[in-house]
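# Sharing a model that was predicted from the sequence below.
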Amino acid sequence: MSGEPSSPDVEQRLAAWRFLASGEGASLVLDADAALDGGLEPRKIAGLRRRHPDRPVAEALELARARRKAADRLRGVDGLLLDRHGAEQATSTVVATWKAARFGDSPVIDLCSGIGGDSIALAARGPCRGVDRDPIRAFMTSVNAGIDGIVGNAEEVDVQDAFVH
């Protein structure tokens, strides 16, 4: 299955999100969240950049904002990897859990998985794979749902091969 061609910008952004998902990125995410308290100001951003040189400060701030925005809709949001757009598009935990129960324990492919809102609930009840054409979204699904996020177009998914490793 082929996704969109990878560009240097996508690779750089994906590397930033991988860093934030690692244990090494935890202190940056905590500092970014604290910087949001009382409103984000240029001096706070400068302080983050001084404390975390050569680290993805912009993505850490995006993650901290998205977690705050999604706190009322997504369970366990402090452990999720998401951005603002992904948080807005994600199925709420209540709805995703209800939908997932309808599949029993059958294998399911979550097409256009985004950050993995549905995939989290689907993986909790049985085999699941998430598919998204955006490599960053596929990575977020992998981290958030603990499954293999596949990069590709929904039209190209080979249902027979999706669960064979």
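Sure thing, it's come through.

# Touching the host helix or strand of Thr141 from outside, list them.
Thr141 is part of helix 135-145 when elements are defined by DSSP states H and E. Applying C-beta atoms under 8 Å, 6 or more residues apart in numbering, the external contacts of helix 135-145 come out as 3-4, 6, 10, 13-14, 17-18, 21, 80-82, 86, 110, 113-116, 119-120, 122-123, 128, 130-132, 147-151. Yep, even glycine has a C-beta here, placed from its N, CA and C like the rest.

# Provide a PyMOL selection command restricted to the buried entries of these.
Here is the PyMOL selection string for the buried members of the contacts of helix 135-145, based on 16 or more other C-beta atoms under 10 Å:
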select buried, resi 3+13+14+17+18+21+80+81+82+86+110+113+114+115+116+119+120+122+123+128+130+131+132+147+149+150+151
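
# Show me the contacts of helix 135-145 that map onto helices.
In this view, the contacts of helix 135-145 that belong to helices under DSSP state H are Val10, Arg13, Leu14, Trp17, Arg18, Ala21, Gly86, Ser119, Ile120, Leu122, Ala123.

# Send me whatever helix or strand Leu28 lives in as CSV with only the CA atoms.
Using DSSP H and E, Leu28 maps to helix 26-36. Taking C-alpha atoms only, helix 26-36 is exported to CSV below (Å, rounded to 0.1, in the frame of the first residue of the first chain):
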residue,chain,number,x,y,z
ALA,A,26,8.0,14.3,28.5
SER,A,27,9.7,17.3,30.2
LEU,A,28,9.2,19.4,27.1
VAL,A,29,5.5,18.6,27.0
LEU,A,30,5.1,19.4,30.7
ASP,A,31,6.9,22.7,30.3
ALA,A,32,4.8,23.5,27.3
ASP,A,33,1.6,22.8,29.2
ALA,A,34,2.8,25.1,32.1
ALA,A,35,3.6,27.8,29.6
LEU,A,36,-0.1,27.9,28.5
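
# Contact partners for Thr93?
So Thr93 contacts Arg73, Leu74, Arg75, Gly117, Ile120, Ala121 (C-beta under 8 Å, 6+ apart).

# just the residues you listed now: which is nearest Ala26?
Leu74 (19.1 Å; C-beta to C-beta).
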